[in-house]
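>>> what would the 3D arrangement of this be:
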Amino acid sequence: MLRQVLIPNEGNSTISIPSEFYGMTVEVLVYPFRNNSENASKSIDDIFDKHLFPLNSFKFNRDEANDYE
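As a prediction, the model looks like this:
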């Protein structure tokens, strides 16, 4: 698999195909790419921040949890 992000300056751009793809049928997709990884992580934090609660008062008793009788 080859993934390459580029900013074309002209109507034609060139990418290099790895030699292991020679003689194979390949698919080329071209679509606009927006690097919103920072915005995406902020929105995920916003979603989960509403559901946080402190766990310092939580006590786990392993013997009680594994007592099946």
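>>> please make it C-alpha for all contacts and neighbour counts, starting now.
OK.
>>> burial measure for residue 26, as a count.
Here the count is done by other Cα atoms under 10 Å, and residue 26 has 10 residues near it.
>>> now the helices for the protein?
Ranges of helices in the chain, per DSSP state H, are 37-49, 62-65.
>>> least confident of those helices, on average?
Among the helices of the chain, helix 37-49 carries the lowest mean pLDDT, at a mean of 70.
>>> where does pLDDT dip in this structure?
For the chain, the stretches with pLDDT under 70 are 36-42.
>>> state the distance from residue 45 to residue 35.
Distance, residue 45 to residue 35, by Cα to Cα, to the nearest Å: 18 Å.
>>> who's more crowded, these two?
residue 45 (11 against 8).
>>> what count of nearby residues applies to residue 1?
Neighbours of residue 1 (other Cα under 10 Å): 6.
>>> kindly report the same for the one 10 residues further on.
When counting by other Cα under 10 Å, one arrives at 5 neighbours for residue 11.
>>> tell me, how many neighbours does residue 34 end up with?
6.
>>> with residue 63 instead?
Neighbour tally, residue 63, other Cα under 10 Å: 8.
>>> how about residue 53?
Residue 53, neighbours per other Cα under 10 Å, totals 7.
>>> likewise residue 69?
As a burial measure, residue 69 scores 3 neighbours (other Cα under 10 Å).
>>> repeat for residue 3
6.
>>> distance of residue 8 relative to residue 18?
For residue 8 relative to residue 18 (Cα to Cα), the value is 20 Å.
>>> residue 45 too?
With Cα to Cα as the criterion, residue 45 and residue 18 are 38 Å apart.
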